[in-house]
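**Student:** Got a predicted model here, sequence first, then my questions.
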There are 2 protein chains.
Amino acid sequence: MMRGLKLGLVQVYTGSGKGKTTAALGLALRASGAGLKVSIQQFAKSGEYCEIKALRRLGNIKVSQCGSKCFIKGRPDTSDIECARRGLKKAKGDIFSGKFDLVILDEVNVAMKLKLIKIKDVIDVIKRRPKSVELVLTGRDCPASIKKMADLVTEMREIRHPYKRGINARRGIEY
Amino acid sequence: MMRGLKLGLVQVYTGSGKGKTTAALGLALRASGAGLKVSIQQFAKSGEYCEIKALRRLGNIKVSQCGSKCFIKGRPDTSDIECARRGLKKAKGDIFSGKFDLVILDEVNVAMKLKLIKIKDVIDVIKRRPKSVELVLTGRDCPASIKKMADLVTEMREIRHPYKRGINARRGIEY
């Protein structure tokens, strides 16, 4: 089995439509199937979601979370900022450790938008990363400066969403 | 653990950007983590992709494929059509069996576009499905009539793609 990537790229999944985190999870699944080592850092999220349970069953996938469950709806406070910064530091540790082939910064775009972490710090990580590491950034409102640097950008456009019809998030499907 | 879905919806992932099948895989992963039963029917695809290996490790996910690996580039022949129709028949079997909560018709939009299967046959399945089954359709060029019926539609817009720079698909990342 191949070990490692010759050329790691930078992928961005952004936009308001459903499927950004889900696509990143699918990438983690596929990479795991190829024997690649995966680290997922989830920003602005916590809680034992169903996908986390399934990922743990797969092996060779490390999942870390930072953030309190609900702060996105309110105004982020100092502890949210601390938490997100620790998350970025941990992710950087994984990126530069030589131990991971794919590092997913889930909802990092949201963390930048909320000013929990600085865009220039993320740009710095992208620029200095080992070229064997594939980096995936998700979340709506990806900054233009980062989209410009990425090798692959997909914008998930919401054409229709059941939340608008008052249907709530369902366990096992949306979370 | 919850068993089954109260309300299964119809989700469509279409557009030319990367992330459609990958998002469906992520959904399968999440549903599996919630103890839901998943069936994935891949149209116009065959081969032991890395994601298939990982999915088999998860349990409670059934994966079927129909189609020869390369026909999409050429003109589909009778055996491709036969194959896709068998695939739809199998998927229908799963949808109406009462054994699955989530049924993914991966690349079914492509199969319709190539006229391997009829749009009206897929519409018929959508209309008559048990309401406890979540149905996910992926692939570019989803017919407008199906988008109209879906509860959730995300269009993956390609903003940038490395293939355009001559970077080929990489094992563990793109397949």
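**Tutor:** Right, received. Where do you want to start?

**Student:** where in chain A is pLDDT low?
**Tutor:** Applying pLDDT under 70 to chain A picks out residues A:1-3, A:67-74.

**Student:** Need the single longest strand in it, by residues.
**Tutor:** Determined from DSSP state E, the single longest strand within chain A is strand A:152-160.

**Student:** Give the partner strands of that strand in its sheet and their orientations.
**Tutor:** Applying DSSP bridges, strand A:152-160 is found paired with strand A:10-14 (parallel), strand B:152-160 (antiparallel).

**Student:** Can you add distance to B:I146 and give the ones you listed back as JSON lines?
**Tutor:** To be clear about C-beta, it is placed using only N, CA and C from the backbone, and glycine gets the same treatment. Listed next are the strands paired with strand A:152-160 as JSON lines, based on distance: least, Cβ to Cβ, whole Å:
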{"stretch": "strand A:10-14", "distance to B:I146": "23"}
{"stretch": "strand B:152-160", "distance to B:I146": "9"}
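
**Student:** Could you look over these and pick the most buried one?
**Tutor:** strand A:10-14 (a mean of 26; mean count of other Cβ atoms under 10 Å in any protein chain shown).

**Student:** CA atoms only: put that one into PDB for me.
**Tutor:** The C-alpha coordinates for strand A:10-14 follow below in PDB (Å, rounded to 0.1, in the frame of the first residue of the first chain):
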ATOM      1  CA  VAL A  10      -5.100  22.800  -0.500                       C
ATOM      2  CA  GLN A  11      -8.900  22.200  -0.900                       C
ATOM      3  CA  VAL A  12     -11.600  24.600   0.200                       C
ATOM      4  CA  TYR A  13     -15.300  23.800   0.600                       C
ATOM      5  CA  THR A  14     -17.300  26.900   1.200                       C
END
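
**Student:** out of the strands paired with strand A:152-160, which comes closest to A:M156?
**Tutor:** A:M156 sits nearest to strand B:152-160 of all the strands paired with strand A:152-160, at 5.1 Å, using Cβ to Cβ.

**Student:** near chain B at all, stretch A:40-60?
**Tutor:** Yes: judged by Cβ under 8 Å from any Cβ of the partner chain, stretch A:40-60 and chain B are in contact via A:Y49, A:C50, A:E51, A:I52, A:K53, A:A54, A:L55, A:R57, A:L58, A:G59.

**Student:** first to last residue in that stretch, what's the distance?
**Tutor:** 11 Å (Cα to Cα, to the nearest Å).

**Student:** Over to stretch A:152-170?
**Tutor:** By Cα to Cα, the extent of stretch A:152-170 from end to end equals 30 Å.

**Student:** got a list of what A:D94 touches?
**Tutor:** By Cβ atoms under 8 Å, 6 or more residues apart in numbering or on different chains, the contact list for A:D94 reads A:S39, A:Q41, A:K62, A:F100, A:V103.

**Student:** which SS class is the first one?
**Tutor:** When classified by DSSP: H, G, I helix; E, B strand; the rest coil, A:S39 comes out as strand.

**Student:** I figured it hits A:L102, correct?
**Tutor:** Yes: assessed by Cβ atoms under 8 Å, A:S39 is found in contact with A:L102 at 7.4 Å.

**Student:** Which PyMOL command selects the buried ones in the residues of stretch A:40-60 next to chain B?
**Tutor:** Only the buried entries of those go into this PyMOL selection, using 16 or more other Cβ atoms under 10 Å in any protein chain shown:
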select buried, chain A and resi 49+50+51+52+53+54+55+58
